[in-house]
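Q: Predicted model and sequence follow; I will ask about them next.
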Amino acid sequence: MIQKCIVGLVLMLCVGLSAKAQTVEVLTFEQLQTRMASQKQEVVVYNFWATWCKPCVEEMPAFEKLYKEYQPKGVHVVFVSLDFKSKHAKVVEFADKKELQGEVILLDAPDYNAWIDKVSTEWGGSIPATLVVKKTGNVQKFHEGSMTYNELVTFIKPLLK
């Protein structure tokens with residue numbers, strides 16, 4: 001009996017340790033721009049955030065729910081971390097701990113003034129911030145500040161038509 005318990009415990013540990021860790025790719029802003037321009041999904045929601053930003057972390061479940069419920073409708077969620085590149089391991093650990101299902105990118109572009117206006121001229125620089133890009137017609141919508149799940153749905157629905 002004890003042997004069965006030990007074998008079961010070892011199997012559970014092995015399965016738990018082999019769980020896939022979240023991949024966090026490090027991109028420059030130019031690489032992110034290229035990816036945005038060549039997106040395959042019909043609608044992509046880019047959420048700009050940081051591990052140290054409390055409102056960013058608090059709104060993440062809304063983006064995760066959006067991803068799970070709207071992915072079949074062609075919506076993809078990309079979490080774009082603005083943490084410093086030296087914090088890559090921390091971002092990976094954060095994404096794993098939060099079990100993020102959306103894509104996670106660490107943006108290696110610390111000179112925010114050089115690229116913020118390229119994301120949106122409406123962006124004052126605060127996070128969280130959300131950019132939604134529709135592939136067809138290259139339509140974009142931008143929101144600075146936190147969003148609830150219902151606000152997100154309302155925000156993206158016009159782009160799903």
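A: The structure has been received and is ready for your questions. Numbering: from 1, shown residues only.
Q: how much space between Lys90 and Phe155?
A: Lys90 sits 29 Å away from Phe155, going by CB to CB, to the nearest Å. All C-beta spots, glycine's among them, are computed from the backbone N, C-alpha and C.
Q: what's the answer for Gln140, then?
A: To Phe155, Gln140 is 12 Å away according to CB to CB.
Q: Same check on Ala89?
A: 32 Å.
Q: How about Thr130?
A: Distance from Thr130 to Phe155, counting by CB to CB: 7 Å.
Q: Have a look at these two and say which one is more surrounded.
A: Thr130 (26 against 17; other CB atoms under 10 Å).
Q: mind listing what the nearest residue in space to that one that is not next to it in sequence touches?
A: Closest residue to Thr130 apart from its sequence neighbours, by CB to CB, 6 or more residues apart in numbering: His143 at 4.7 Å. Contacts for His143 (CB atoms under 8 Å, 6 or more residues apart in numbering) come out as Ala129, Thr130, Phe155.
Q: picking that back up, show me whatever sits in contact with both of Thr130 and Phe155.
A: With contacts taken as CB under 8 Å, 6+ apart, Thr130 and Phe155 have His143, Met147 as neighbours in common.
Q: Now do the helices in the chain.
A: 2-17, 29-37, 54-70, 88-97, 116-119, 149-156 (DSSP state H).
Q: Show me the shaky parts of this structure.
A: Applying pLDDT under 70 to the chain flags residues 1-21.
Q: before we move on, back to that, so which of the helices of the chain comes closest to Val78?
A: For the helices of the chain, proximity to Val78 was assessed by CB to CB; helix 29-37 is nearest, at 8.4 Å.
Q: now for the closest one, which elements pack on it?
A: strand 103-107 (3 or more CB pairs under 8 Å, 6 or more residues apart in numbering; DSSP states H and E).
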